[in-house]
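1. got a structure for you, letters missing:
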């Protein structure tokens, strides 16, 4: 069952560990999923999508109590544009959760390529040939159980025999899994950024948990907006595991902040969204080196020519 989760900004006004929030749920046909996501994004802190037999379930999460009237108006406008009846929507308060505990409950270690990703509740891996990372995602995305994170870890494993990058960047780092994987794989200093301050806080905690403070630098940034990112570039490896629209929007900035010969790993894409992203980045002068699909989600390895 494919599922994707995206933090767009801070999801709580308390702490990264405990959070009370509201959930908005509705189901729409696949063809209008993108339209309804765009409609909800300005009024929620995070979105998840999950395929169901009757369509795509969209869940929006917000720390502030949502306005029923505002949501109804937004969904009616989106439905009119889509030419369908407004979907049935439910709004409910979620109980206060300990995110550190919830993120690891019932999650088994994930083995992808050269990596093993586990929570603190799991026993350490005994295989010295594998790179192990301990991740507690909390409210951030990136436990490696989702196909998009698996795809990026597989891409990094395939890139391992190549020359080690000098300046890697993980855009939309979430819990910091991919940035730490890069740092461990090549023993190189890595920049990790996310638009969500809570995700960056979680990533920093995971960096400390894995004793990688000397190698992974985490900061808050909307794409390449922070001058701190631009000062650390240009980059020869950029990993962006986000969503289709931000990947499209970031294409010029990614190319502008990369060096000739750099490798770009793109994920967060449904299989049917991949061709448009390939076309967008080819339009920026990049070439497609490899692509693979896991559970309906595509990861792309693209290269900027020398």
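-> Happy to help now that I have it. All of these numbers come straight from a predicted model, not from anything done at the bench.

2. Would you verify that residue 223 is located in a helix?
-> No. Counting by DSSP: H, G, I helix; E, B strand; the rest coil, residue 223 is not part of a helix but coil.

3. got a list of what it touches?
-> Contacts for residue 223 (CB atoms under 8 Å, 6 or more residues apart in numbering) come out as 171, 195, 246, 249-250, 253. (Glycine included, C-beta is placed from N, CA and C.)

4. Now neighbour count and distance to residue 62 too, for the residues you listed, in a markdown table please.
-> Formatted as a markdown table, the contacts of residue 223 follow (neighbours: other CB atoms under 10 Å; distance: CB to CB, whole Å):
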| residue | neighbour count | distance to residue 62 |
| --- | --- | --- |
| 171 | 29 | 24 |
| 195 | 20 | 16 |
| 246 | 18 | 19 |
| 249 | 13 | 23 |
| 250 | 23 | 25 |
| 253 | 17 | 28 |
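
5. and the two most separated of these?
-> Distance extremes for the contacts of residue 223: the farthest pair is 195 and 253 at 13.4 Å, using CB to CB.

6. Can you list the residue ranges for strands in the stretch 1-150 of the chain?
-> Here the stretch 1-150 of the chain has its strands, by DSSP state E, counting those that start in this stretch, at 3-7, 18-19, 22-28, 46-52, 55-62, 89-93, 97-98, 110-112, 115-118, 131-134.

7. Can you tell me which of those strands is packed in deepest?
-> For these, the largest average neighbour count (mean count of other CB atoms under 10 Å) is found in strand 115-118, namely a mean of 23.

8. How far off centre is it?
-> Its chain's C-alpha centre and that of strand 115-118 lie 17 Å apart, by CA atoms, centre = their mean, to the nearest Å.

9. Could you spell out the sheet neighbours of it, each with its direction?
-> Here strand 115-118 is paired, per DSSP bridges, with strand 110-112 (antiparallel), strand 131-134 (parallel).

10. Now do stretch 242-252: everything it contacts.
-> 4, 6, 34, 38, 171-172, 223-224, 240, 266-270, 273, 276-277, 280-281, 283-284.

11. Filter these down to the ones in helices?
-> Applying DSSP state H to these, the entries found in helices are 34, 38, 276-277, 280-281.

12. Out of these, which comes closest to residue 22?
-> Checking the ones in helices among the contacts of stretch 242-252 against residue 22 by CB to CB gives residue 38 as the nearest, at 19.9 Å.

13. Mean pLDDT and distance to residue 297 added to the strands of the stretch 1-150 of the chain, as CSV?
-> Listed next are the strands of the stretch 1-150 of the chain as CSV, based on pLDDT from 0 to 100; distance: least, CB to CB, whole Å:
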stretch, mean pLDDT, distance to residue 297
strand 3-7, 40, 8
strand 18-19, 48, 27
strand 22-28, 92, 19
strand 46-52, 76, 11
strand 55-62, 86, 14
strand 89-93, 92, 26
strand 97-98, 52, 26
strand 110-112, 81, 13
strand 115-118, 85, 17
strand 131-134, 86, 20
